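[1] what shape does this take:
(one chain, ligands or ions: 1)
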Amino acid sequence: MSLSAKRILLVIGGGVAAYKSLDLIRRLRERGASVRCVMTAAAQQFVTPLSAGTLSADHVFTDLFDRNDEHDVGHIRLSREADLIVVAPATADLMAKLATGQANDLASAVLLATDKPVLMAPAMNPRMWSHAATRRNRETLARDGIRFVGPARGEMAESGEAGEGRMAEPLEIVAAVEGLLGRRTGPLAGRRIVVTSGPTHEPIDPVRYIANRSSGKQGHAIAAALAELGAEVVLVSGPVTIADPAGVETVHVETARQMQAAVEAALPADAAVMVAAVADWRVASEAGEKIKKGAGGAPALQMVENPDILAGVGHHRKRPFLVVGFAAETQDLLANARQKLKRKGADIIVANDVSPQGGVMGGDRNEVRIVTAGGVEEWPLMDKDAVAARLAELIARRLASTLT
Ligand code: CTP
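    Numbers count the residues shown, from 1 in each chain. Below you'll find the model as predicted:
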């Protein structure tokens, strides 16, 4: 995928991960993009404007007020002259500033003044990342249309502490940029496809949740295979430990209701492929505090049904042309799959046997049957990647038939 002639404004925040942003500049330029850098005062404690300027082959902008700077083009022009703004590392401070509309330095003023898409790669100490204030800011920013890549789990460079907060690797950020800006080619170019993947977590109290064994491998592989064929893919992923696929916009959610809202927000689309193992039920009212063992014995959990996301999409007023669901069964595979096809308003059900002896859940291989109104096609036992590639081709053929 090429980023040729794309103009990226890279806002470098003050964190130790700033050193990775230097590599990011190189990687983006290798793909044909031009990169112009804005650095916060804190960023300059970690890397120098000279390094960023040398790698970007452009002036580095640092000051909101420096009218003497012959290069001063102003924060409005900086954002106007970009196709995308990437914030890497996006510190807790930069996120907080944009979430609350502050603009007291060049970086925050650029972010507030822009009407261009913004992609943030957060990097911070795991405690800062999991702090309620940061979570709130992230949610606000996501609602405002800011895109995110990462952070990943891992060891923090400065403290050795492990947890979520490590900045996404430069190539992952490049993939996210390509997902937003890259020119795509292939049979699915120009098609937008929504994919769900992974389990959902349904909270019982602040520390406990109900989950299932889905790893997200199959759904993520399908998202990647569709992107490979040129589709613009929005992947709505429940909590998984595998990486976001390259070239795909990934939206991270926890609960079924959040997944439903994210899918809804991603419509309209040409196709929807619902692979997630959505929890069928959630606890009726999540306890605000950890439930303690007490004299009362084990608590009785009152459950209520979750929305059926696939059925919602299958009967949606913005229904995609092609709706694909999965059927995970431990018995009566085909009969159940046919029933799901009808009930959920799907065009294709990919049926798989998830009996424990098959090792499908969490494993690398899958044996599926493709169930449509027209009949059943059996596919041999294959790697999940191969199932994904074949399904992506099938989807491309079905969508091609809509071209006039
Ligand atoms: N699905 C969904 N939302 C739900 C439940 C399921 O979108 N709340 C989707 C899954 O992503 C999958 C399909 O529906 O594509 C079938 O999932 P499965 O778990 O096999 O079916 P259920 O509807 O849960 O039916 P049952 O539990 O009775 O087998």
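[2] alongside the ligand, which residues does the stretch 51-200 of the chain contribute?
    Thr196 (C-beta under 6 Å from any ligand atom). For the C-beta atoms, the positions are set from N, CA and C on the backbone; glycine is no exception.
[3] what sits opposite the residue in the stretch 51-200 of the chain that the ligand sits nearest to in the beta ladder?
    The minimum distance from the stretch 51-200 of the chain to the ligand, using C-beta to the nearest ligand atom, falls at Thr196 (5.7 Å). Here Thr196 sits in beta bridges with Val236, Met274, going by DSSP bridges.
[4] and it, what does it touch?
    219, 235-238, 259, 263, 273-276, 278, 309 (C-beta atoms under 8 Å, 6 or more residues apart in numbering).
[5] the ligand next: which of the residues you listed are close?
    Checking the contacts of Thr196 against the ligand (C-beta under 6 Å from any ligand atom), the matches are 274-276, 278, 309.
[6] biggest separation within these, which pair?
    Val275 and Ile309 (10.8 Å; C-beta to C-beta).
[7] tell me how this protein divides into domains.
    Recorded structural domains for the chain (assignment: automatic domain parsing) are 1-183, 185-404.
[8] can you put these in TSV and add mean pLDDT?
    Listed next are the domains of the chain as TSV, based on pLDDT from 0 to 100:
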stretch	mean pLDDT
domain 1-183	90
domain 185-404	92
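[9] what segments of the stretch 301-404 of the chain are helices?
    Here the stretch 301-404 of the chain has its helices, by DSSP state H, counting those that start in this stretch, at 309-314, 333-343, 384-400.
[10] which SS state does Leu64 fall under?
    coil (DSSP: H, G, I helix; E, B strand; the rest coil).
[11] could you find the closest non-adjacent residue to it?
    Leu106 (4.2 Å; C-beta to C-beta, 6 or more residues apart in numbering).
[12] so that neighbour makes contact with Ala41?
    No: counting by C-beta atoms under 8 Å, Leu106 stays clear of Ala41, with 9.3 Å between them.
[13] intersection of neighbour lists for those two?
    Common neighbours of Leu106 and Ala41 (C-beta under 8 Å, 6+ apart) are Thr62.
[14] have a look at those two and say which one is more surrounded.
    Between Leu106 and Ala41, Leu106 has the larger neighbour count (other C-beta atoms under 10 Å), namely 23 against 12.
[15] and stretch 74-93, how far out from the chain's middle?
    For stretch 74-93, the separation from the chain centroid amounts to 20 Å (computed by C-alpha atoms, centre = their mean, to the nearest Å).
[16] great, nothing more from me.
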